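**Student:** Dropping the sequence and predicted coords here.
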Amino acid sequence: QHYKYIDSTRVCGIAGYKAQVKADSNKRLVEIIKYIPAIKLDIRYATTNNFMHRVMYRQAKAYARLPVVKALAEVEADLKTRGLGLKIFDAYRPYAVTVAFYKTTPDTNFVANPKFGSKHNRGCAIDLTLIDLETGKELQMPTGFDSFSKKASANYPGATPLQTANRELLKTIMHAHGFTVLPTEWWHYDFDGWRNYQLADIPFTAL
Ligand SMILES: C[C@@H](N)C(=O)N[C@H](C)C(=O)O
Ligand SMILES: [Zn+2]
């Protein structure tokens, strides 16, 4: 496979991925819901309700590397004691989708540069928010998902006290379990060990 923005040796396809998993089973991309059954999914890129206004995924599924999902399970357990849960908007994202995003929205504050790829392409980034377990409703945050604006900044100072408290609670719990927030997007978290995982361009249907 030839890529416009990156040397193709830096992006693995299904054969390379299978070889990596054979050598190290922690490299597996696993379906998050199989490990965290109570998690809610709203996979926007499998719908037209996203900034591309196009269906980008053929399946509404969320995958991530096994250690990422184990860390997320700890987050979920921690939140459960507070009556809260998680809703996922996106997780592993094939590299080709990042390229498509960048072609329409070449703003690297909000869309990864395909020259470097996204942590999503490594199966090491999650876009998510908090929900109330009793009502199933999202907690109020400063903006909606993929609102590409200054208000989406992880430290935006102008949100209401409730929105700020919710955003900061998410940040505190995610940071305690090995994730770091993206400064420009309150909903995007990178797994701290992301360097150990290669960029991948494998459709969900092949996993
Ligand atoms: C597109 C948005 N949801 C996102 O994930 N942005 C970051 C910067 C990325 O593409 O990695
Ligand atoms: Zn993201």
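**Tutor:** Cool, got the structure. Ligands and ions are numbered 1, 2, ... in the order given.
**Student:** How many residues are close by the nearest residue to E185 once chain neighbours are set aside?
**Tutor:** Nearest residue to E185, sequence neighbours excluded (CB to CB, 6 or more residues apart in numbering): A152, at 5.4 Å. C-beta: built from backbone N, CA, C; applies to glycine. Neighbour count of A152, defined by other CB atoms under 10 Å: 22.
**Student:** change the start of the numbering to 86 and stick with it
**Tutor:** Let's use 86 as the start, then, which means that last one is A237.
**Student:** who in this structure is up against ligand 2?
**Tutor:** Residues of the chain lying near ligand 2 by CB under 5 Å from the ion: A210, D212, H273.
**Student:** Reformat these as TSV; add neighbour count and distance to L126.
**Tutor:** Formatted as TSV, the residues of the chain next to ligand 2 follow (neighbours: other CB atoms under 10 Å; distance: CB to CB, whole Å):
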residue	neighbour count	distance to L126
A210	25	16
D212	23	11
H273	26	16
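**Student:** what's the helix or strand for A149?
**Tutor:** Secondary structure assignment for A149, by DSSP states H and E: strand 148-150.
**Student:** Extract the residue ranges of this structure that are flagged as low pLDDT.
**Tutor:** Counting by pLDDT under 70, the chain contains no low-confidence range.
**Student:** in it, what residue is nearest ligand 2?
**Tutor:** Nearest residue of the chain to ligand 2: H273, at 3.5 Å (CB to the ion).
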